[in-house]
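Asks: Got a predicted structure plus its sequence, pasted below:
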Amino acid sequence: MTMFRHPLEERSWVIINPDGTQGTRELINNPFDFESVHIFKVQGGKIHDIEAMGISLPFRSKNGWSDFWR
């Protein structure tokens, strides 16, 4: 299980347009966390598949496995 923190401190990103010119994209999202679980299929010592699912949560949400924000 993982908890990704997205503080979104930078409010715009530089993007490359299809014609090769640069532009900016303004972020309209609010900061959020993303909790997810990953399942790995391993055969013969190699990873063959990864499945993941998750849920968006309010920024700085608590979780049950780490010390931050308990």
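Replies: Thanks, I have it.
Asks: Hmm, residue 12 and residue 22 touching each other?
Replies: No. Residue 22 is beyond contact range of residue 12, at 11.9 Å (criterion: C-beta atoms under 8 Å). Heads up, the C-betas are built off the backbone N, CA and C, glycines and all.
Asks: Paired strands for the helix or strand of the chain with the lowest mean pLDDT, with orientation please.
Replies: Lowest on mean pLDDT, DSSP states H and E among the helices and strands of the chain sits strand 2-6, with a mean of 88. Strand 2-6 has the following strand partners under DSSP bridges: strand 32-43 (antiparallel).
Asks: May I have whichever helix or strand comes after the strand it pairs with exported as PDB, CA atoms only?
Replies: Beyond strand 32-43 in the direction of the C-terminus, DSSP states H and E gives the next helix or strand as strand 46-58. Extracted in PDB, the C-alpha atoms of strand 46-58 (Å, rounded to 0.1, in the frame of the first residue of the first chain):
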ATOM      1  CA  LYS A  46       9.900 -12.300 -13.000                       C
ATOM      2  CA  ILE A  47       7.100  -9.700 -12.700                       C
ATOM      3  CA  HIS A  48       4.500 -10.500 -15.300                       C
ATOM      4  CA  ASP A  49       1.600  -8.200 -14.300                       C
ATOM      5  CA  ILE A  50       0.900  -5.400 -11.900                       C
ATOM      6  CA  GLU A  51      -2.600  -4.400 -10.900                       C
ATOM      7  CA  ALA A  52      -3.300  -1.300  -8.900                       C
ATOM      8  CA  MET A  53      -6.300   0.500  -7.500                       C
ATOM      9  CA  GLY A  54      -6.700   3.500  -5.400                       C
ATOM     10  CA  ILE A  55      -8.800   6.300  -4.100                       C
ATOM     11  CA  SER A  56      -8.300  10.100  -3.900                       C
ATOM     12  CA  LEU A  57      -8.500  11.500  -0.400                       C
ATOM     13  CA  PRO A  58      -8.400  14.900   1.200                       C
END
